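In: give me the fold of what follows.
(chains A, B and C)
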Amino acid sequence: MAGRLADALRDSWDSDLAWSFRHSPYAMVAAIVFAACVGTAVLAPWVAPHNPFDLAQLDLSNSLKPPMWIAGGDPSYPLGTDDQGRDILSTIFFGARISLEVGIAAVLFSMGLGVALGLLAGYVGGKTDAFIMRVADVQLSFPAILIALLIDGVARAVFPGAHDSMAFWVLVLSIGVSGWVQYARTVRGSTMVEKNKEYVQAARLFGIHPLAIMARHVLPNVLGPVLVIATIHIATAIITEATLSFLGVGVPATEPSLGTLIRIGNDFMFSGEWWVTLFPGLALVIMVLAINLLGDWLRDALNPRLR
Amino acid sequence: MTAFVIRRLLQAIVVMLVVAFVAFSLFQYVGDPVQLMMGQFATPADRIRLTHELGLDQPFYVQFFHFVVNALHGQFGVSLRIGKPVSVLLAQRLPATLELSICAALLALAVGIPAGVYAGLRPNSWLARTAMSGSLVGVSLPTFLIGILLILVFAVKLGWLPAFGRGDVVHLGGWSTGLLTRTGLESLIMPTITLGLFQLTLIMRLVRSEMLEVLRADYIKFARARGLSDRAVNFGHALRNTLVPVITITGLQLGSIIAFSIITEQVFQWPGMGLLFVQAVSYADIPVMAAYLCLIALVFVVINLIVDLLYFVVDPRLRVDRPGAAGR
Amino acid sequence: MRKGVSLCISALLAAMLVAAPGYAKTFRWASQGDILTFDPYAQNESFNNTFNAYVYESLVQYDKKFNVVPQLAVKWEQLGPTQWRFHLRPNVKFQEGEPFTADDVVFSVHRQLSKRSMTKAYLVGVVDAKKVDDLTVDLITDGPVPVLLRQLTDVRIMSKSWCEKHNVVDVQDYVAKEETYAVSHADGTGPYILKSREPDVKTVLEANPHWWGKLEGNVTEIVYTPIKSAATRTAALLSGEIDFVLDPPLQDLPKLKSDPNIKVIEGTESRTVFIGMDQKRDELLYSNVKGKNPFKDLRVRQAMYEAIDIEAIKRTLMRGLSIPTGELVTPQVYGYDVAANTRPPFSVAKAKVLLKQAGYPNGFEVTLDCPNDRYINDALICQALTSMWAKIGLKVKLDAMPKAQYFAKINKLDTSLYMLGWAVATFDAQDALINLVHTRDGKGDGEYNDGSYSNPKMDDLIDRMKVESDVPKRLALIHQALMLHTQDVAHIMLHQQIIPWAMRKNIVVTHSADNRLRMQWVHVN
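Out: Residues are numbered from 1 along each chain as shown, chains lettered A, B, ... in the order given. Presented below is the predicted three-dimensional model:
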């Protein structure tokens, strides 16, 4: 049993993908950084020195402390505090958690929607296909941020006053809805190719349910490209969330994400309290850069033509 | 040609109708349209009159028709937040956004295409590698962060450029321009860079990968084998063939720039439509949102149309169908 | 011939000198929020009043020491306890050319007393205005009105014919966001003419060449830009894009003070900032407590008061520029009573006990409404309050918004817990008491009592002071009312703001305790 596992591990280690991974220092560094981001975000409640979302723990007396290595700093606030006395390091952990949660949930949503619609369009074809793709075309001409802002605004109009409590789901929905098109296009293309292959025709003759055919034969073929899109999409989603929060229509101020922190810090640009902006900004860029690097590598690795 | 143009036009109209329908639904079903138009303290008689005037007592398709007719006349009701007609507000802000967007697009093209060509021709040179790594950082940097960094360096630390606004503007008829004054031009620099950078990196990466692909193509190899000069091969054949997708993407990006200016305008307090839109979103100002949506859609559709026509000019082989535009 | 030419030239030169562009002085200034409306009676917000006063004038005005001096009235006398006669300034014209007469005064008083007006409090006691002749008006009061003249400094005079012509006889319904001609157009008798108004972007005023008076300052053009972002305001002042900031970010003051091109002047403002609570509804609009209203319980109000570490707010968010207070009005205001200026000591433990006694051992949820572009660091203070109140178990949600929406929301009482600041324009405590704590009656009392606090004893004290002409007796009434306000915790008081004004070195202004920038005294050197 153990031997078999080891074999499996060795097999995957020797696979093309792993080979390319081992020979791409960028990808390895990016993977480590990304893993670290995910790790701290998941473990935030346990590893963060403070809980910045617990209002009762905040104390104004601790506000705007500089990072610990600067005179006036406090070792219990390694990267300093913001204007409300929140520990920047902890807030980055918790903020990254929100960013990742929103990013991943939104991507899953997009992926589900996009793959389903892509399969449908590709397999059924005809008017359904034309309609779905037409909608996709229209939507594609609008940047994600605009659609996300629109959905956010509509949510505000439909549920006045309740926005803060639903902020998370509104963000997921607005970012998710704005990103399904690319998945749908990719999946549709592959589906149309597979659909006409003989084995699929044969399977159909045997009366196998179309859904089963799709799941068994089409999905595996499109998994690679979908994975690439999803990886890069996570980065986009995180940036979109940060942007919305920066614009003041994202998560509430009492539960800041990285974008919120950057907006707060923006007010302290002249007064020398640079850490409020700098550290969250750095954290955001590093996280997104790591994901983008992974996505880039994945795309090259899965596209032998460019190798 | 005519048939092609007519088909494209028809498609454009369909797209506009779809968008108008979304805007119409926002207007009609999110909130109370009578209230949207009149404010909440209208008398019952006023409400009945307006309900009738708006045709809210009429069948659905008639209502939609009226909405479209009104939209064609630029009538989108009154902003809930500012209390002025939306058309007036948008018209006041349009020049600021357009000037910024066009400058940003020019910047992205002027730098992005040459950089991409270079990186494609000399993929292994250190300059190309630096540019490529730099471009990945550029894609990973959120627009607002770039803006803040620029302000921090050039306005706060160095004091070279103004930190916000449009500077002095000159009014030419209904158009206000910042291009004719010194402060106006100075104010334009940082927002242009902020807005253009993302598109610049995108165009550069695109041109590079297209160049790489084309240079690998057989006919290029043949051309080289025939002894054509590098110059002729690279610019006569390769670049020309990369232009097709570049035009598509660039066209789409131009539209994106206008929408993306939302963020830049917020950072630099640029008095354009984007700033208006963000404020509309946080206030759930439906009329402004609906109108902005329609306007942006119109811009996109027009740009797409132009792109299609340009296509025709650049590559007559691709008369009818162009490959699906890869977007983001 | 020669002589003719040189004559011509010297005439030309003289003409050029007279019209020299050097005389045009543009004053560009900014603060965080925009002007709400140019309809002078649609809102009573001191920043808005400041701006309206550039265009519209009143019968009387303040001099630099807040003495009442003539403006559109040249002199006045009291004909009896309920009748005041005002002699109007002759040969004054509105900016669009109509002559200023008694009809305009009568019209303006009636308009300001009309239902939608939010500035009725400046006409407390006034029941009517009667024209005697073209340049004489009588104000009829329902009793003695000791502070009438101070009130009249904020009763701006509009043109009757202009209002009729543009269909703005009715005051703009601000709460309903009504849009009227008067919101973005103005026709006063004042020293400045409204040239252009772009909400959120820019408002431009030009000197009125036909103004009856003579400017003490030299500003010929005013350009106002609202700049929401704190850092942007500072940057704009440092770079010289603007000349003056009414509310420089406190965190940037050291930087501004150290800049050789900038000067900062500070003064205490006659404003207190406080938290109001819905004390009328039987169930709060925004709370999880059902069937009862916790804010009706004095112990809850006290508990929330005691949970506030006001010194921490002063030290950190206000960077020392505040004076914690327990009294509704500030020491600059007539009627201020040292005895009433007490705050319960900050104590989380005691506050918890009080909450428990009131029946909320686990606290409750409520939403705090807050402006984010009105008072100094308003939204930040509110955010800090939510965490201070969290320590005694209250779950307070923060809803912060720009003042243009904020005032429309709280003025229609669509709130459970809100922040407000009040600068007493008359420098007499009665103004604050009438506006903020008298029971709302829709006739001018309690116009900004957005929590609908109501205490018959308080109403009685206020109604008596309105008509009491015996000075010591009236002062005693004011003291009693202010003391009652403190004891009742009608509002949870926070602090008095110390207002820094920041400007380029070449600007000379007169700092006012009411935080109003009076343009006629501004010099651009």
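In: okay, now A:M111: neighbour count?
Out: Residues contacting A:M111 under the criterion other CB atoms under 10 Å in any protein chain shown number 22. The way it works is simple: take the backbone N, C-alpha and C, and place the C-beta from them, glycine included.
In: quick check, it in a strand?
Out: No - read with DSSP: H, G, I helix; E, B strand; the rest coil, A:M111 is helix and lies in no strand.
In: contacting residues around it?
Out: By CB atoms under 8 Å, 6 or more residues apart in numbering or on different chains, the residues touching A:M111 are A:180, A:183, A:226, A:230, A:233.
In: ranking these by neighbours, who comes first?
Out: Within those, neighbour counts (other CB under 10 Å) peak at A:H233, which reaches 29 neighbours.
In: distance of that residue from C:P456?
Out: Separation of A:H233 from C:P456 (CB to CB, to the nearest Å) stands at 64 Å.
In: ok, C:D154 next?
Out: Note on C:D154: its distance to C:P456, by CB to CB, is 28 Å.
In: please say which of those two ends up with more neighbours.
Out: Each of C:D154 and C:P456 has its neighbours counted (other CB under 10 Å); C:D154 has more, 24 against 8.
In: what's near enough to touch the more buried one?
Out: Neighbouring residues of C:D154 by CB under 8 Å, 6+ apart: C:44, C:49, C:58, C:119, C:122, C:425-426.
In: can you rerun that using 6 Å?
Out: Counting by CB atoms under 6 Å, 6 or more residues apart in numbering or on different chains, C:D154 touches C:122, C:425.
In: all strands of chain A, in order?
Out: Using DSSP state E, no strands are found in chain A.
In: tell me which residue is most central in chain B.
Out: In chain B, the C-alpha nearest the mean C-alpha coordinate belongs to B:G255, at 2.4 Å (CA atoms, centre = their mean).
In: okay, now A:G39: neighbour count?
Out: Neighbours of A:G39 (other CB under 10 Å): 11.
In: quick one: the residue nearest to C:D309 when sequence neighbours are not counted and chain B, what's the gap?
Out: Here the nearest residue to C:D309 in space, its sequence neighbours aside, is C:F346; by CB to CB, 6 or more residues apart in numbering or on different chains that works out to 5.0 Å. Distance from C:F346 to chain B, counting by CB to the nearest CB, to the nearest Å: 34 Å.
In: pull up the gap between C:F346 and chain A, please.
Out: Separation of C:F346 from chain A (CB to the nearest CB): 12 Å.
In: re earlier: okay, the contacts of A:M111 in CSV with distance to chain C next?
Out: Formatted as CSV, these follow (distance: CB to the nearest CB, whole Å):
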residue, distance to chain C
A:W180, 32
A:Y183, 36
A:V226, 39
A:A230, 35
A:H233, 31
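In: out of the residues you listed, who's nearest chain B?
Out: Using CB to the nearest CB, A:H233 comes nearest to chain B of those, at 9.3 Å.
In: tell me how many other residues surround the closest residue to that closest one other than its chain neighbours.
Out: Among residues not flanking A:H233 along the chain, A:V107 sits closest, at 5.0 Å (CB to CB, 6+ apart). If you count neighbours by other CB under 10 Å, A:V107 ends up with 26.
In: how confident was the prediction at A:A202?
Out: pLDDT recorded at A:A202 is 81.
In: again with C:Q332
Out: 90.
In: and for C:E327?
Out: C:E327 is assigned a predicted lDDT (pLDDT) of 96.
In: then C:C163?
Out: The per-residue pLDDT reported for C:C163 equals 95.
In: equivalent analysis for C:I376, please.
Out: The model reports C:I376 with a pLDDT of 92.
In: that one contacts C:Q497, correct?
Out: Yes - under the criterion of CB atoms under 6 Å, C:I376 makes contact with C:Q497 at 5.4 Å.
In: A:S190 versus C:S454, what's the distance?
Out: Distance check for C:S454 against A:S190: by CB to CB, it reads 71 Å.
In: which residues of the chain score low on pLDDT?
Out: By default, I'm working from chain A. Chain A contains residues with pLDDT under 70 at A:1-6, A:8-15, A:141, A:160-164, A:303-307.
In: wait, I meant chain B there
Out: B:1, B:29-47, B:50-51, B:53-57, B:236, B:252, B:311-328.
In: mind doing that once more with 90?
Out: For chain B, residues meeting the criterion pLDDT under 90 lie at B:1-94, B:98, B:101-102, B:105-106, B:108-110, B:112-184, B:186-187, B:197-263, B:266-328.
In: mind naming the longest helix for it?
Out: Secondary structure of chain B read by DSSP state H shows that its longest helix is helix B:86-121.
In: which parts of it are buried?
Out: Judged by neighbour count using 16 or more other CB atoms under 10 Å in any protein chain shown, the buried positions of helix B:86-121 are B:86-87, B:89-90, B:92-101, B:103-105, B:107-109, B:111-113, B:115-121.
In: just checking, what packs against that helix?
Out: Contact analysis of helix B:86-121 by 3 or more CB pairs under 6 Å, 6 or more residues apart in numbering or on different chains; DSSP states H and E lists helix B:126-140, helix B:182-215, helix B:239-268, helix B:273-283, helix B:286-314 as its packing neighbours.
In: so the longest one versus helix B:126-140, what angle?
Out: Taking axes from the mean of the first three to the mean of the last three CA atoms, to 10 degrees, one finds helix B:182-215 and helix B:126-140 inclined to each other by 120 degrees.
In: the shortest one too?
Out: Taking the same axes, to 10 degrees, one finds that helix B:273-283 is oriented at 30 degrees with respect to helix B:126-140.
In: quick one, helix B:273-283 and helix B:86-121 angle?
Out: Using the same axes, to 10 degrees: helix B:273-283 against helix B:86-121 is 120 degrees.
In: list the helices and strands helix B:273-283 packs on?
Out: Here helix B:273-283 touches helix A:144-158, helix B:86-121, helix B:239-268, helix B:286-314, going by 3+ CB pairs under 6 Å, 6+ apart.
In: if we use 10 Å, what do you get?
Out: Counting contacts by 3 or more CB pairs under 10 Å, 6 or more residues apart in numbering or on different chains; DSSP states H and E, helix B:273-283 is packed against helix A:144-158, helix B:86-121, helix B:239-268, helix B:286-314, helix C:403-411.
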